[in-house]
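Q: A predicted structure for the sequence below; I have some questions about it.
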Amino acid sequence: MSTSFLLQGKRAVVFGGGGSIGAAVARELASEGAEVFLAGRTAASVEAVAKEIVAAGGRAHADVIDALDGAAVEQYVESVVQQTGGLDIEFNATGPRVSEYANGKPAVDLPVDEFMVPVVTVLRAQFITARAAARQMLRQGSGVIIFLTGSPARPHAPGTSGIGAAFGAVENLTRTMAIELSPAGVRVVCLRTAANPDSRTIQDVTGGLAKMMNITTDQANASLADSTLLKVSPRTTDTARAAVFLGSDLARMMTGTVLNSSAGVVTD
């Protein structure tokens, strides 16, 4: 466990806490002193992460919650506040599998239903969870809502029209909600990452890319890394540490903005 404790005494909810990025974020939040509530659709996955955090000396709880169920999310966030007395950080790493939105398919060949998948999952879930957190944070006059997007929010490669549209909308939502909430002391920020090769989503991407191009997975990962300015892809731990920074008082003057943690895949 860390000894710096940037988030000592903070209470955090991580939706999608059983997934690759969500789990990494939950671990880092807990290592910096936060009490973490992991919400996910699969009990086994969130419980496994929570047990790992507790075994390392942190505080974590696991619950089965569908981030697309508005009523369930509202009740869950309210229950966290009732249990702990408040909510300081909300983070959402939920999202569909790549195959569900036909990542890599040109827009002219993309069925409308597949194009809309990221909109009705990623964008919808981000709004539902942020809204629930905002309602609680407004009452206490503090808190940080951290949205998550990826480099397709700034188009740089073909075949990302659906997820790119959803990510772009999330970044717009970040600024809109910040305008509304920041005067009351609630910060709203967005973390934009790039392909995290150790995440389930990007493993799906590189697997498909390797098969399509008749190359190895290692070669596909190397190609992703080469597309960055740093010539190295961010790992889930890099994304998680950026989330910790945004949730801490070190970033207390940051709101209504996107932290570009894409290793230079896209620039602002």
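A: Now that the structure is in, tell me what you want to look at. Numbering: from 1, shown residues only.

Q: after the strand or helix carrying Ala26, next one along is what?
A: In the assignment (DSSP states H and E), Ala26 maps to helix 20-31. Scanning forward in sequence from helix 20-31 by DSSP H and E, the next helix or strand is strand 35-40.

Q: low-confidence stretches in this protein?
A: The model of the chain has pLDDT under 70 over residues 1-4.

Q: for this protein, which segments count as helices?
A: All helices of the chain, identified by DSSP state H, fall at 20-31, 43-55, 70-84, 112-118, 124-140, 161-181, 200-213, 217-226, 236-247.

Q: let me know which of these is tucked in deepest.
A: With neighbours defined as mean count of other Cβ atoms under 10 Å, those peak in mean count at helix 20-31, which reaches a mean of 27. The way it works is simple: take the backbone N, C-alpha and C, and place the C-beta from them, glycine included.

Q: what's in contact with the helix holding Ala26?
A: For helix 20-31, contacts defined as Cβ atoms under 8 Å, 6 or more residues apart in numbering pick out 1-2, 7, 10, 12, 14-17, 36, 38, 40, 45, 49-50, 52-53, 56, 58-60, 89, 91, 93-94, 148, 193, 196, 198-201, 236-237, 239-241, 243-244, 247.

Q: would you map out the domains in the chain?
A: Here the domain parsing of the chain from automatic domain parsing is 11-194+240-258, 197-233.

Q: need these in a markdown table with distance to Thr267, can you?
A: Putting the domains of the chain into a markdown table (distance: least, Cβ to Cβ, whole Å) gives the following:
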| stretch | distance to Thr267 |
| --- | --- |
| domain 11-194+240-258 | 8 |
| domain 197-233 | 8 |
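
Q: my guess is Met137 contacts Ile89, does it?
A: No - in this structure, Met137 is not within contact of Ile89 by Cβ atoms under 8 Å, at 9.6 Å.

Q: find residues that contact each of those two.
A: Gly143.

Q: how close does the residue of the chain positioned farthest from its centre get to Thr149?
A: Most distant from the centre of the chain: Asn214, at 31.2 Å, with distances by Cα atoms, centre = their mean. Computed with Cβ to Cβ, to the nearest Å, the distance linking Asn214 and Thr149 is 31 Å.

Q: returning to what we had before: any chance of TSV for the helices of the chain, columns distance to Met253?
A: As requested, the helices of the chain are arranged in TSV below (distance: least, Cβ to Cβ, whole Å):
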stretch	distance to Met253
helix 20-31	21
helix 43-55	29
helix 70-84	26
helix 112-118	31
helix 124-140	17
helix 161-181	12
helix 200-213	32
helix 217-226	32
helix 236-247	12
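
Q: in contact with the closest residue to Arg59 other than its chain neighbours, which residues?
A: Leaving aside its sequence neighbours, Arg59 sits nearest to Glu35 (Cβ to Cβ, 6 or more residues apart in numbering; 4.2 Å). Glu35 is in contact with Lys10, Arg11, Ala12, Arg59, Ala60, His61, Thr84, counting by Cβ under 8 Å, 6+ apart.
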